[in-house]
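**Q** Return atomic coordinates for the entry below.
(one chain, ligands or ions: 1)
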Amino acid sequence: MADLVIVGAGLGGLAAAWDAARFLPDYKIKVIGDEPPYVRHKLRVAVAGKDIMVPTKHVESLGVEFVWGEVEKIRREQREVVLKSGQTLKYDYLILATGSQPSRPKRIEGIEKTMGFRRLEDARRLREEKPSTVAIIGASFVALHVADSALAVGAEPVIIVRSRLVRKSLEPELSQILEERLKEIGVKFVHATPKRVGDGVVEADGQEVKADLIVAAAGVDPDIRLAREAGLDLIWDWAVKVDEQGRTSDPNIFAIGDVANCYSPVTNEPEYLGIGTAATLMAFNAIKAIQGSKAAVKTPAYIKDAFMGGNFVFRAGLVSTEAEKAGFNVERVDVSGTEFGDHAYIVYDKDTRRVIGFSSVSSKDIGPKAIEMEKAIVIKRKIDQVLPESVGGG
Ligand SMILES: Cc1cc2nc3c(=O)[nH]c(=O)nc-3n(C[C@H](O)[C@H](O)[C@H](O)COP(=O)(O)OP(=O)(O)OC[C@H]3O[C@@H](n4cnc5c(N)ncnc54)[C@H](O)[C@@H]3O)c2cc1C
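**A** As a prediction, this is how the structure comes out:
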């Protein structure tokens, strides 16, 4: 039997363990985790006191062994990892699935004092401290999860937005619409650049936002400590650099999920998504590569979420601003008021007519349309093949 060791028992690590149990019968599979697994994207439900733990019994019954503790270092020459406890585990293949941490941008003085919203203890803190105001730095999807959680514990959420709400996932008009809808149900917005975090206060362009809790929700930084110390190549000097199958600069080490880059099916270039849907596909690619396959599924950007007040938000592929930066000759079609949602845009490339992005804000779930648009982007459908009749398709 060969040894497969997976570091991190989060979404990516668990997905890799499941796939390994299925596709690698000749491997002894060990997952090392410094916390028990839970559904991270359901943290806001945990704020309300609900159980979001993921039972490990079933995957253990398939032969996967869990080792609880923190990996301290990787000894590449010996092909082994060393835990803080001193325990050493040998590997033939190692998969790093160490995830990411809430980003605390240095341009904001004092931001290191803020809490993040990523781990179970963050949800617990929000619930137990009973804040009356929660200031949220950043306008990411996680910022919306925090706002939702704040409302759930009876606090007023104040989102401090530098540019616009979830700008990498929504067309500019949709950011505005979502903001208006969230204001109606009690979310406050301050449009300013946060400069300094003090004791119970955020200073942003001369304004002071006072709060009992201040949460950093300005994106994430991949947890690359182990990879960097082991001398693995990085990309953008920030994430673990991997090829399309997830292989790092060491052929016996893979990296998946939030810790590494993935590959866009739109541009074919490396990109960073930091989403669960990417982590599971990257896990699949890595296990298939260890099995000997040359195949790799590219990771489509895909987010579907429901927020306060019954707002369904959906995104696939690139928004027009990102598509322009990637060099496409961008055109948009407004498909608002159709089966694509109350407010929705399809983005396509004028030269090839290929669909490259879609985003929607709606008061109801657009259901299979969301999946259809994700597929359209991945399989390179033309705009004329996806438009509803009412806006010139059919
Ligand atoms: C509030 C919130 C909402 C989200 N909503 C969505 C959503 O709607 N859709 C979506 O697709 N994605 C969503 N995401 C993102 C998604 O949760 C992540 O992309 C996903 O969890 C990444 O999986 P991962 O395995 O790479 O990392 P993680 O799930 O973070 O797991 C990494 C694990 O490794 C452990 N670890 C790190 N270092 C070590 C070490 N040295 N030794 C042992 N263990 C270690 C960490 O403690 C952690 O448990 C959300 C995230 C948050 C925080």
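
**Q** Residue numbers of the stretch 1-150 of the chain in contact with the ligand?
**A** 7-13, 32-35, 40-41, 43, 70-71, 97-99, 117-118, 141-142, 145 (C-beta under 6 Å from any ligand atom). All C-beta spots, glycine's among them, are computed from the backbone N, C-alpha and C.

**Q** How about the stretch 151-300 of the chain?
**A** Residues of the stretch 151-300 of the chain that fall close to the ligand, judged by C-beta under 6 Å from any ligand atom: Asp223, Leu226, Gly257, Asp258, Val259, Gly274, Ile275, Gly276, Thr277, Ala279.

**Q** buried residues in stretch 245-253?
**A** Residues Gln245, Gly246, Arg247, Thr248, Asp250, Ile253 are the ones in stretch 245-253 that count as buried (16 or more other C-beta atoms under 10 Å).

**Q** Ok, stretch 295-305 next?
**A** Within stretch 295-305, the residues scored as buried using 16+ other C-beta under 10 Å are Ala296, Val297, Lys298, Thr299, Pro300, Ala301, Tyr302, Ile303, Lys304, Asp305.

**Q** surely Met282 meets Glu244?
**A** No. Because the distance of 9.9 Å does not satisfy C-beta atoms under 8 Å, Met282 is recorded as not touching Glu244.

**Q** The two - which one has more neighbours?
**A** Between Met282 and Glu244, Met282 has the larger neighbour count (other C-beta atoms under 10 Å), namely 33 against 18.

**Q** mind checking how far the residue nearest in space to the middle of the chain is from Ile160?
**A** Most central in the chain under C-alpha atoms, centre = their mean is Ile275, positioned 2.4 Å from the mean C-alpha point. Note on Ile275: its distance to Ile160, by C-beta to C-beta, to the nearest Å, is 23 Å.

**Q** what's the closest non-adjacent residue to Lys380?
**A** Distances taken as C-beta to C-beta, 6 or more residues apart in numbering put Arg354 closest to Lys380, at 5.3 Å, once the chain neighbours are dropped.

**Q** Please name the residues that touch that neighbour.
**A** Applying C-beta atoms under 8 Å, 6 or more residues apart in numbering to Arg354 gives the contacts Tyr348, Lys380, Arg381, Lys382, Ile383.

**Q** dump the residue contacts of the nearest residue to Val335 once chain neighbours are set aside.
**A** Nearest non-adjacent residue to Val335, counting by C-beta to C-beta, 6+ apart: Ala344, 4.8 Å away. The contact partners of Ala344, taken as C-beta under 8 Å, 6+ apart, are Leu174, Asp334, Val335, Ser336, Thr338, Phe358, Ser359, Ser360, Val361, Ser362, Ile366.

**Q** Find the helix or strand that Arg22 is a member of.
**A** helix 11-23 (DSSP states H and E).

**Q** Tell me which strands the helix or strand just after that helix pairs with, and in which orientation.
**A** Going down the chain from helix 11-23, the next helix or strand is strand 27-33, by DSSP H and E. Its sheet considered, strand 27-33 pairs with strand 2-7 (parallel), strand 65-68 (parallel) by DSSP bridges.

**Q** Now do the first one, average pLDDT.
**A** Which is strand 2-7. Throughout strand 2-7, pLDDT has a mean value of 98.

**Q** now swap in stretch 151-160 and tell me
**A** Across stretch 151-160, the average pLDDT comes to 97.

**Q** ok, now how distant is the residue nearest to Lys90 when sequence neighbours are not counted from the ligand?
**A** Nearest residue to Lys90, sequence neighbours excluded (C-beta to C-beta, 6+ apart): Glu80, at 4.9 Å. Counting by C-beta to the nearest ligand atom, to the nearest Å, the gap from Glu80 to the ligand is 14 Å.

**Q** from what I can see Glu80 touches Thr88, true?
**A** Yes. The pair Glu80 / Thr88 is scored as a contact, 5.2 Å apart, by C-beta under 8 Å.

**Q** Show me which of these two is the more surrounded one.
**A** Using other C-beta under 10 Å as the criterion, Glu80 and Thr88 rank with Glu80 on top: 16 against 11.

**Q** quick one: pLDDT of that one?
**A** Residue-level pLDDT assigned to Glu80 equals 98.

**Q** What's opposite the residue nearest to Lys380 in the beta bridge?
**A** Beta-bridge pairing for Arg354 (DSSP bridges): Lys382.

**Q** May I have the phi/psi pair for the residue of the stretch 201-350 of the chain found nearest the ligand?
**A** In the stretch 201-350 of the chain, the residue that lies nearest the ligand is Gly257 (2.2 Å; C-beta to the nearest ligand atom). Main-chain torsions, Gly257, degrees, to the nearest 10: phi 80, psi -150.

**Q** now it: how far from Ile95?
**A** Counting by C-beta to C-beta, the gap from Gly257 to Ile95 is 9 Å.
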